[in-house]
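Asker: Based on what follows, work out the 3D shape:
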Amino acid sequence: MSIEVTHLTKFFGEQAAVNDISFEIGKGEIVAFLGPNGAGKSTTMKMITGYIPASAGTILVNGITVDVDDLETRKIIGYLPENNPLYLDMYVKEYLHFVGSIYKVTALKNRVNEMIQMVGLELEQHKKIGALSKGYKQRVGLAQAFIHDPQVLILDEPTSGLDPNQLVEIRELIKTIGKEKTIMLSTHIMQEVEAICDRVIIINKGKIVANNKQQALDSRPEVQTIYIEFEGNVSSQELSKISGVTTVKSLDNGWLIEGSTDQDLRKNVSKKAQEAGWLIMTLKLEKKSLEAVFKELTKN
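Answerer: Sure thing, here's the model as predicted:
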């Protein structure tokens, strides 16, 4: 495993910001680390990167124990912090050259040019960072995180401030890089998670409340839901008598029908519609969104 976190705890005074959490992330995985504000996301990421010490527990990155005084793990980790601290008086190209020299990157000039192309900074490379928009500053932050070709990437809100076109480009970049590396990212954009992440870890009040692939996150996996529209009037009483149906809810233009996964509700409803002469206009299986699952798992 590239990242192994075991019984990790962090106290600030008497408050446990992170409370005895454990998880693993393997090579080639892109894992979303989600949670409401104040849940412990950024604190956990800072401990994994060695920026702050843990109160208890262990963190291994590629088999090396993370310590705030040890530079070995920092050589193999690329980190984009939430607030993306940059030297605003430096030029883009100058800054990336500076960061690369700290990591002792070989063929640094070529690597800087490669990073500028990779994150789409060609037109901005000769500007001062302070003159850039928020979206382009975020690209500079991504470039500095990638520049030493790290094996593990920790990205805290990597697409913050990007416009829709930039979002697509950076998501594709993260997906491409994630095929060969380990990526742990935090975000509040659920569509982003659904688009690029293999697995989701959700933390709430310092505790992990979910650690699954997206399709396994539904808090009611034994329930199936279908949405259906008919031409003409159909009563809830008639629908509730269909085999396998447990709940019928009327919507503006149709019905939301729930039942157990023992039977395929679509077949049962279609059969009844054929027998009763109902004309089906729309019939689809509803999947619970990641946002809905997130809200359920993190509500008070």
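Asker: Hmm, residue 249 is touching residue 256, no?
Answerer: Yes - counting by Cβ atoms under 8 Å, residue 249 touches residue 256, with 4.3 Å between them. The C-beta positions use only the backbone N, C-alpha and C, and glycine is treated the same way.
Asker: I'd like the next helix or strand past the lengthiest helix in the chain.
Answerer: Counting by DSSP state H, the longest helix found in the chain is helix 164-178. Using DSSP states H and E, the helix or strand that follows helix 164-178 towards the C-terminus is strand 182-186.
Asker: So for that following strand, mean pLDDT?
Answerer: The average of the pLDDT scores along strand 182-186 is 95.
Asker: before we move on, what about stretch 37-57?
Answerer: On average, stretch 37-57 scores 94.
Asker: Could you work out the end-to-end span of that stretch for me?
Answerer: 23 Å (Cα to Cα, to the nearest Å).
Asker: what sits up against that stretch?
Answerer: Outside stretch 37-57, the residues that touch it by Cβ atoms under 8 Å, 6 or more residues apart in numbering are 3, 5-11, 17-22, 33-35, 59, 61, 66-68, 70, 73-74, 77, 79, 81-82, 154, 156, 184, 186, 203-206, 298.
Asker: What ranges does the stretch 151-300 of the chain have for its strands?
Answerer: 152-156, 182-186, 199-204, 207-213, 223-231, 245-250, 255-260, 279-286 (DSSP state E, counting those that start in this stretch).
Asker: which one of the ones you listed lies closest to residue 102?
Answerer: strand 152-156 (17.2 Å; Cβ to Cβ).
Asker: and stretch 213-227, how far apart are its ends?
Answerer: End-to-end for stretch 213-227, by Cα to Cα: 24 Å.
Asker: okay, which residue is most central for this structure?
Answerer: The residue lying closest to the centre of the chain (Cα atoms, centre = their mean) is residue 32, at 2.9 Å.
Asker: Can I take it that it is in a helix?
Answerer: No - using DSSP: H, G, I helix; E, B strand; the rest coil, the assignment for residue 32 is strand, not a helix.
Asker: So in terms of bridging, what pairs with it?
Answerer: Judged by DSSP bridges, the bridge partners of residue 32 are residue 185, residue 200.
Asker: Relative to residue 84, how far out is it?
Answerer: Shown here: residue 32 relative to residue 84, a distance of 19 Å by Cβ to Cβ, to the nearest Å.
Asker: now do residue 208
Answerer: Taking Cβ to Cβ, one finds residue 208 at 26 Å from residue 84.
Asker: The two - which one has more neighbours?
Answerer: The residue with more neighbours, out of residue 208 and residue 84, is residue 208; 22 against 19, by other Cβ atoms under 10 Å.
Asker: surely that one meets residue 298?
Answerer: No - assessed by Cβ under 8 Å, residue 208 is found out of contact with residue 298, at 11.5 Å.
Asker: quick one: common contacting residues for those two?
Answerer: Contact criterion Cβ under 8 Å, 6+ apart; residues shared by residue 208 and residue 298: residue 202.
Asker: I'd assumed residue 193 was in contact with the residue nearest to the centre of the chain.
Answerer: Yes - Residue 32 lies in contact with residue 193 (Cβ under 8 Å); the separation is 4.3 Å.
Asker: who touches both of the two?
Answerer: Overlap of the contact sets of residue 32 and residue 193 (by Cβ under 8 Å, 6+ apart) consists of 187, 200.
Asker: Low-confidence bits of the chain, can you list those?
Answerer: Regions of the chain meeting the criterion pLDDT under 70 cover residues 1, 214-222, 300.
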